[in-house]
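Colleague: Need coordinates for the following:
(one chain, ligands or ions: 1)
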Amino acid sequence: MALNFIKKVFTFGREKPVEEQAPGEVSPVEEAAAAQEAPLGESSAASEFAEPASPPSVPSGHLPHKGGDRLEDAAPSEPEEQADAQAEDVRVALNAQVIEAEKAVSAEYPVATEVGDKPDETTSETISPLEGEMSDRTEGGDAGSTNSEFSSESTESPTDSEPSSETAETPAASPILPKGFSTAAPAPAPIPEAPKQKLSWFQRLRAGLARTSSQLTGQISALFTKRKLDDQTLQDLEDLLIQADLGVETAMRVTDTLASERYGKDVTGEDVSRIMAQEIAKVLKPVAKPLQLDLGHKPHVILIVGVNGTGKTTTIGKLAAKLSGAGLKVMVAAGDTFRAAAIEQLKIWADRTKSEFIGTKLGADAAGLAFDAFQQAKANKSDVLIIDTAGRLQNKAELMAELEKIVRVLGKLDPDAPHTVLQTLDATTGQNALNQVEIFRNIAGVNGLIMTKLDGTARGGILVAISAKHKLPVYFIGVGEGVDDLEPFEAEDFAQAIAGIGQ
Ligand SMILES: Nc1nc2c(ncn2[C@@H]2O[C@H](COP(=O)(O)OP(=O)(O)OP(=O)(O)O)[C@@H](O)[C@H]2O)c(=O)[nH]1
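Modeller: Predicted coordinates:
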């Protein structure tokens with residue numbers, strides 16, 4: 001190592017003349033090289049060069065050298081004398097060059113002084129590994145036991161100029177605390193987490209429907225193990241499809257198709273799942289359609305209704321993002337004058353999606369807000385006006401009456417308004433959603449659905465029953481809380497995800 005060090009320094013300063021050096025004398029650079037080689041914690045006294053009889057003069061700026069039992073001290077023979085003399089000349093020349101190079105190196109990298117000096121970029125280059133290690137520890141970079149050594153003295157950081165722990169007095173060990181006590185060792189720096197790969201929306205849909213699909217496929221394969229298809233198995237299958245919220249109509253479609261194709265024959269669980277996916281897709285395809293915007297006259301009014309917490313305000317944000325992202329001029333109206341946070345929440349969505357916002361004070365008449373919003377949107381030439389409403393349970397008569405009034409007021413301003421009435425359905429609700437659609441449709445004229453939270457523990461089967469019964473368009477599905485987590489509804493994808501087959 002020492003030789004490598006000298007070679008590296010020597011090649012570094014090669015072009016400069018080097019000073020003479022007395023035979024047998026060890027150059028400071030060799031000395032420094034040897035010290036570098038000594039393992040951490042050893043003082044320089046332990047280095048490979050012992051003290052000389054009388055230290056020769058050393059040019060200033062160099063470390064005091066340490067002579068040693070060197071080869072040239074023994075008496076040489078005649079021929080040997082010549083060889084030695086040549087070797088000596090080479091050594092002298094080499095050493096002198098090395099000294100020159102060392103000068104250049106020390107001029108380039110001044111050594112850091114006291115601890116606490118603000119290390120600039122050059123001094124940070126010269127902090128010895130020991131110093132670096134010490135500072136690491138006090139920064140809590142080392143989560144090992146040494147960390148506790150320093151955490152109890154965290155007010156005084158160990159000085160860099162002190163030699164290593166072997167020669168300096170060992171810092172006082174932290175006291176042995178009685179059971180039940182501990183020192184507040186600084187927590188290790190958190191390891192930055194690798195950014196999580198976001199699942200595709202279909203993966204999130206499948207994950208959300210996993211409970212429905214795994215329950216269904218598990219029961220189906222348990223039912224169809226080495227059994228011929230008979231009336232009993234058909235009845236059992238119908239029962240488990242109804243329990244999965246698929247609805248009586250769809251359950252019967254699946255069993256009828258199965259009977260017509262495989263009655264009396266051996267049937268596997270996979271056969272049944274495949275036929276089930278086909279029948280579900282047949283029910284969903286007619287309702288999977290794009291949301292039509294009539295931009296012939298502005299604004300196209302979209303009214304969002306639904307029970308509490310089904311995702312109305314969030315879905316408005318997602319819709320506004322899609323529409324303003326497509327270059328349309330969007331206004332959102334905080335028609336939920338019942339919940340304070342809802343007004344603020346919608347304002348945030350408006351800002352985030354660069355939509356215009358109109359709101360009123362808490363408790364104000366929602367129909368009045370709808371009226372003002374329409375007038376404002378008309379004046380602003382907004383393409384689309386999306387109106388939020390307060391969450392209400394379908395059995396709350398007075399709240400449902402308020403919704404009726406909003407629709408009536410808008411109709412006075414534009415006979416076709418509201419052009420679209422979307423109901424948000426929470427996929428985790430199950431059977432109750434069927435009833436919600438029934439009532440909101442009668443009161444508010446719901447003409448489209450958005451099923452939200454399909455990334456959660458969804459019971460997505462209910463959407464099949466609703467579609468079969470009401471034949472209402474399902475425009476979008478919500479698969480997360482993010483602004484982009486709204487996907488156009490795809491019948492095939494949904495059918496396969498529920499049946500646990502496909503992608
Ligand atoms: N996981 C998931 N969470 C959603 C989704 N849509 C909405 N949410 C969350 O559901 C909760 C309720 O959403 P909101 O938009 O406040 O629902 P709301 O219908 O406006 O609620 P109210 O104003 O109380 O009637 C929020 O925490 C949303 O982040 C979705 O698709 N997936």
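
Colleague: for whatever residue of the stretch 151-300 of the chain ends up closest to the ligand, phi and psi?
Modeller: Distances between the stretch 151-300 of the chain and the ligand by Cβ to the nearest ligand atom are smallest at Gly208, namely 8.2 Å. (C-beta placed from N, C-alpha, C; glycine too.) Dihedral pair for Gly208: phi -60, psi -30, per degrees, to the nearest 10.

Colleague: number of nearby residues for it?
Modeller: Gly208 has 25 neighbours, counted by other Cβ atoms under 10 Å.

Colleague: now do Arg253
Modeller: By the criterion of other Cβ under 10 Å, Arg253 has 21 neighbours.

Colleague: Then Asp294?
Modeller: Applying other Cβ under 10 Å, we find 11 residues neighbouring Asp294.

Colleague: That one is in contact with His419, isn't it?
Modeller: Yes: counting by Cβ atoms under 8 Å, Asp294 touches His419, with 5.7 Å between them.

Colleague: okay, and the common contacts of the two?
Modeller: Taking Cβ atoms under 8 Å, 6 or more residues apart in numbering as the criterion, Asp294 and His419 both touch His300.

Colleague: For the ligand, give me its nearest residue in the stretch 301-450 of the chain.
Modeller: Gly391 (2.3 Å).

Colleague: tell me the contacts of that residue?
Modeller: Applying Cβ under 8 Å, 6+ apart to Gly391 gives the contacts Gly306, Val307, Asn308, Gly309, Thr310, Lys312, Asp336, Phe338, Arg339.

Colleague: Got the phi and psi for the fourth one?
Modeller: The one in question is Gly309. Per-residue torsions, Gly309: phi 70, psi 10 (degrees, to the nearest 10).

Colleague: Report pLDDT for the residue nearest to it when sequence neighbours are not counted.
Modeller: In space, and not counting its chain neighbours, Gly309 is closest to Gly391: 6.2 Å by Cβ to Cβ, 6 or more residues apart in numbering. We have a pLDDT of 85 for Gly391.

Colleague: which pair in the contacts of Gly391 spans the largest distance?
Modeller: Within these, Thr310 and Phe338 form the most distant pair, 14.7 Å apart (Cβ to Cβ).

Colleague: Looking at those two, which has the bigger crowd around it?
Modeller: Ranked by neighbour count (other Cβ under 10 Å), Thr310 and Phe338 place Thr310 first, with 26 against 18.

Colleague: is it true that the more buried one touches Leu422?
Modeller: No: counting by Cβ under 8 Å, Thr310 stays clear of Leu422, with 10.9 Å between them.

Colleague: which SS class is Leu246?
Modeller: coil (DSSP: H, G, I helix; E, B strand; the rest coil).

Colleague: Would you mind listing the residues in contact with the spatially closest residue to it that is not a sequence neighbour?
Modeller: In space, and not counting its chain neighbours, Leu246 is closest to Gly461: 4.6 Å by Cβ to Cβ, 6+ apart. By Cβ under 8 Å, 6+ apart, the contact list for Gly461 reads Thr212, Ala244, Asp245, Leu246, Gly247, Ile498.

Colleague: Recalculate using a threshold of 6 Å.
Modeller: Counting by Cβ atoms under 6 Å, 6 or more residues apart in numbering, Gly461 touches Thr212, Ala244, Asp245, Leu246.
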